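1. Sequence and computational prediction follow.
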Amino acid sequence: MPTENRNPFGGLMRRLRRKTPEQPRRPLVSVIDIRGRVGAELGMVSLESLSPSIDHAFSWPCPDAVLLRINCNGGAPAQAEMIHRRIRSITDLLSVPVIASVEDAATSARYWIALTAN
């Protein structure tokens, strides 16, 4: 049998798996960082700029929860509503709880995004 196709650690890994007791799985919490002023202009937090982060947070293998870490100065209510609806539609579909952590005060668009949390 050719040795280049064999895993040199295969036997060791099998022995370790047998000796290691099953441990409970730790909760997996995805984090979405929302930082900056909310608005549709370049450089601001918008649905378009957050979509990759939102998709990534919910595409982890079965997250137990998603944390919204919010640190922004408020901003455009229309963009806040669009972000809110996008996250809410995914959480309703997947039944994943959302937790909001707001730095400083929760006013204006920051508050509206935080309302997405369960």
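-> Alright, I've got the coordinates.
2. Double-check that L67 belongs to a strand.
-> Yes. When classified by DSSP: H, G, I helix; E, B strand; the rest coil, L67 is found to be part of a strand.
3. Show residues contacting the helix or strand encompassing H56.
-> Of the helices and strands defined by DSSP states H and E, H56 is found in helix 47-59. For helix 47-59, contacts defined as Cβ atoms under 8 Å, 6 or more residues apart in numbering pick out 30-34, 63, 66, 79, 82-83, 86-87, 90, 94, 96. Placement of C-beta: from N, CA and C, glycine included.
4. residues of that helix that come out buried?
-> 47, 49-50, 54, 57-58 (16 or more other Cβ atoms under 10 Å).
5. Farthest-apart pair in the residues you listed, please.
-> Greatest spacing in the buried residues of helix 47-59, by Cβ to Cβ: S49 and F58 (16.6 Å).
6. Let me know the closest of the buried residues of helix 47-59 to E41.
-> The nearest one, if we look at the buried residues of helix 47-59 relative to E41 and count by Cβ to Cβ, is S49, at 10.4 Å.
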